[in-house]
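Novice: Sequence plus the predicted model coming up.
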Amino acid sequence: MKHVLATLVCLAAVGLCHAVIETYEFTSPELEARYHSLSQELRCPKCQNQNIADSNAPIARDLRVVLYEQLEAGATDDEILDFMVARYGEFVRYRPGVDQNTALLWGAPAILLILGAIGLAWHFRQRSAQPVTQLSATEQAELDRLLRDSPS
């Protein structure tokens, strides 16, 4: 029974772990490192939630080939990213550049943090500005009676 269970677990793991395996012959280890870095940076246009390194889509495979060819041709990282953006739009990058179209995307976290701090300051200031009211003698007597009569 243990062998059957171990076999099933191994088969399930093999089914889940179908990764992209490609072998490119790079002329230098630096080019290979740049290839891996850029393939993690570029988003698959079809999958949209995977980078081209992890995607099995045909377009991702084509982009990996283009990336390899451009690296071997001597293109810089910026030239490659500019080529991909010109062809597929800014969406192809996981970290888009800052321009008029993406300024809100980059600035939104800071804006929200500032607005949250202002909101908290306003809340605590309003809270401290409210006077503390004392109970009247009748209210205090009623409270004492309730506390005395409560089953505790």
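Specialist: Okay, I see it.

Novice: who's in contact with the residue nearest to the spatial centre of the chain?
Specialist: Among the residues of the chain, the one closest to the centroid is Tyr94, at 9.1 Å (C-alpha atoms, centre = their mean). With contact set as C-beta atoms under 8 Å, 6 or more residues apart in numbering, Tyr94 has these partners: 40-43, 51. (C-beta placed from N, C-alpha, C; glycine too.)

Novice: how about these, which pair is most distant?
Specialist: Within those, Gln40 and Arg43 form the most distant pair, 10.0 Å apart (C-beta to C-beta).

Novice: who's more crowded, the two?
Specialist: More neighbours surround Arg43 than the other of Gln40 and Arg43, with 22 against 12 (other C-beta atoms under 10 Å).

Novice: State whether that one and Val92 are indeed in contact, as I suppose.
Specialist: Yes. Judged on C-beta atoms under 8 Å, Arg43 makes contact with Val92 at a distance of 5.4 Å.

Novice: what residues are shared contacts of Gln40 and Arg43?
Specialist: 51, 94.

Novice: Which parts of the protein are helices?
Specialist: In the chain, the helices defined using DSSP state H lie at 2-16, 29-41, 58-73, 77-88, 103-129, 137-149.
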